[in-house]
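Asker: Need the 3D shape of this:
(one chain, ligands or ions: 2)
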Amino acid sequence: MKFIDEAKIYVKAGDGGRGCVSFRREKYVPFGGPNGGDGGKGGDVVITASVSHHTLLDLKYNQHHVAKNGSHGKGSNKTGHSGPNLVIPVPVGTLVIDHETGEILADLVADGQQYVVAKGGIGGRGNARFATATNQAPRFAQSGIPGEERWIRLELKLLADVGIIGLPNVGKSTFISRVSAARPKIADYPFTTLTPHLGVVSYGDSLNSFVLADIPGLIEGAHQGIGMGIQFLRHIERTSLLLHIIDISKEEANGWRDFEVINSELASYSAELALKPQIVAVNKTDLPVTRQKLGETISSFAEKGITIYPFSAATGEGISALLQAIVEVLQNIRNRKTENE
Ligand SMILES: Nc1nc2c(ncn2[C@@H]2O[C@H](COP(=O)(O)OP(=O)(O)OP(=O)(O)O)[C@@H](O)[C@H]2O)c(=O)[nH]1
Ligand SMILES: [Mg+2]
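Answerer: Residues are numbered from 1 along each chain as shown. Ligands and ions are numbered 1, 2, ... in the order given. Down below sits the predicted model:
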C-alpha cells in the first residue's frame, strides 16, 4: 500500500556580502591604493537524501529554511566569509518539485545524494577590483547578489513500517487515530474498517518517525473468506513489524486464544508474514474487566516469553511505552538493514 507523504517548504539561499570601499593608509605612503575586499558568497540551500530519515513529518511543522548571508568585504583586500550551506535532510526516495511550475527538480534515490534548491548569491566586488589607469581611486564597490528563493514541494512515497493486526473491535483504528493524523472510521461493531489506512507517527526524535497501517480485523476462518477475509494482509506484507492488539474487556475473552487465532490466519496467508516480529499489546486498560484480567493475561504470555504492552487508546495510558517499544524494534531492524547494505 502506497501513501504519499508531502511537505511544502520555503527556501532562501544567503545573499552575497557587499564589496568594501577602502584605501590603504600607511605612514609615509601618500597615495595608498584602493584595497576594499569582495563580499563573501551566501550559503546554498541543499536538500540531501539520508537513510536515517524516514518521513517528511518534521518539515511539515518547520516550513522556512533560510541560509546565512555572506559577510561583507573588508579593508586590506579581505574577502568576506561565505555563508555556510543550509542542509535539509530528507528520506531517500524524496522527489523535489518546484511548487510554482510543478517541475520535478530532483529525484533523490541514493543515500547522500544532494540537490541545490537555492543558490547563494555571489559577493559584490570590492573597490580594489575597479582600479584602472584612469581611475586609480574608485570610491565604489558592488553590492552582493541576493540568494535565490522559492517554494518547493517534497513528496515521498511511503510504505508502512508497522502493520496493526487483531480481531475486529479491539481498537486498531482508535489507536492509529490517537497516534497519527489518520482518521479511519471507529465504531462499536466489527468490521468498521473496510479499507486500509496509513498514518505517520512521530515519537520523540523525528528520526524515529514511522508509518503505521491499520487494516480490517481478522477472524477465525478469514483465510476461507470469512468476515472480511485475509486479502487485506497483502497491504502489510512489506512491513518490518506487526503490532498485534488484543482486547480482553469482555468476560469471555481469552487473550492467548485470540492471539493464536490471528496467528494461524496469518500463517495460512503467508509463512513469511507469520514470521515477522510482533509486538503484542492489550488495549482498553481503562475498562474494569480488562484491568481485572490483565495480570493473568500478562503471565500467560510471559510463559511463552512474550511481553505484553498494556494501553488504553481511549485515555492514552501506556501509549508512550508502546510507541517506545515499537521505535526500538524498528531502529534495530533499520540498523541491521543498513549494516547488510
Ligand atoms: N473503553 C475503551 N474503548 C475503546 C478503546 N479503544 C477502542 N475502543 C472502542 O472499541 C470500539 C472498536 O474500536 P475500533 O477502533 O473501531 O476497532 P477496530 O479494531 O478498528 O475494529 P475493526 O475496524 O472493526 O476491525 C469502539 O467503540 C471504540 O470506541 C479503549 O482504549 N477503551
Ligand atoms: Mg478499524
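Asker: average model confidence for stretch 228-241?
Answerer: In this model, stretch 228-241 has an average pLDDT of 84.
Asker: can you pull the buried residues of that stretch?
Answerer: 228-230, 232-233, 235-236, 239-241 (16 or more other C-beta atoms under 10 Å). Backbone N, C-alpha and C define where each C-beta goes, glycine included.
Asker: Helix or strand for Thr290, just tell me which one.
Answerer: Under the assignment given by DSSP states H and E, the secondary-structure element containing Thr290 is helix 288-302.
Asker: Can I get that helix in PDB, CA atoms only?
Answerer: Extracted in PDB, the C-alpha atoms of helix 288-302 (Å, rounded to 0.1, in the frame of the first residue of the first chain):
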ATOM      1  CA  PRO A 288     -12.500  -2.600  34.800                       C
ATOM      2  CA  VAL A 289     -12.800  -6.100  33.300                       C
ATOM      3  CA  THR A 290      -9.500  -5.500  31.300                       C
ATOM      4  CA  ARG A 291      -7.800  -4.400  34.500                       C
ATOM      5  CA  GLN A 292      -9.000  -7.300  36.400                       C
ATOM      6  CA  LYS A 293      -7.900  -9.900  33.800                       C
ATOM      7  CA  LEU A 294      -4.600  -8.100  32.900                       C
ATOM      8  CA  GLY A 295      -2.400  -9.800  35.400                       C
ATOM      9  CA  GLU A 296      -3.300 -13.400  34.300                       C
ATOM     10  CA  THR A 297      -3.000 -12.400  30.700                       C
ATOM     11  CA  ILE A 298       0.400 -10.900  31.200                       C
ATOM     12  CA  SER A 299       1.500 -14.100  32.900                       C
ATOM     13  CA  SER A 300       0.100 -16.500  30.300                       C
ATOM     14  CA  PHE A 301       2.000 -14.600  27.600                       C
ATOM     15  CA  ALA A 302       5.100 -14.300  29.800                       C
END
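Asker: And the contacts of whatever helix or strand comes next after that helix?
Answerer: Towards the C-terminus, the helix or strand next in line after helix 288-302, according to DSSP H and E, is strand 308-310. Applying C-beta atoms under 8 Å, 6 or more residues apart in numbering, the contact partners of strand 308-310 are 246, 255, 279-282, 285, 294, 297-298, 301-302, 318, 321-322, 325.
Asker: Swap in 7 Å and give it another go.
Answerer: Contacts of strand 308-310 with the rest of the structure, by C-beta atoms under 7 Å, 6 or more residues apart in numbering, involve 279-282, 285, 294, 297-298, 301, 318, 321-322, 325.
Asker: list the buried ones in the helix or strand that that strand is followed by?
Answerer: If you walk from strand 308-310 toward the C-terminus, the next helix or strand you reach (DSSP H and E) is helix 319-340. For helix 319-340, burial by neighbour count (16+ other C-beta under 10 Å) applies to 319, 322-323, 325-327, 329-330, 334.
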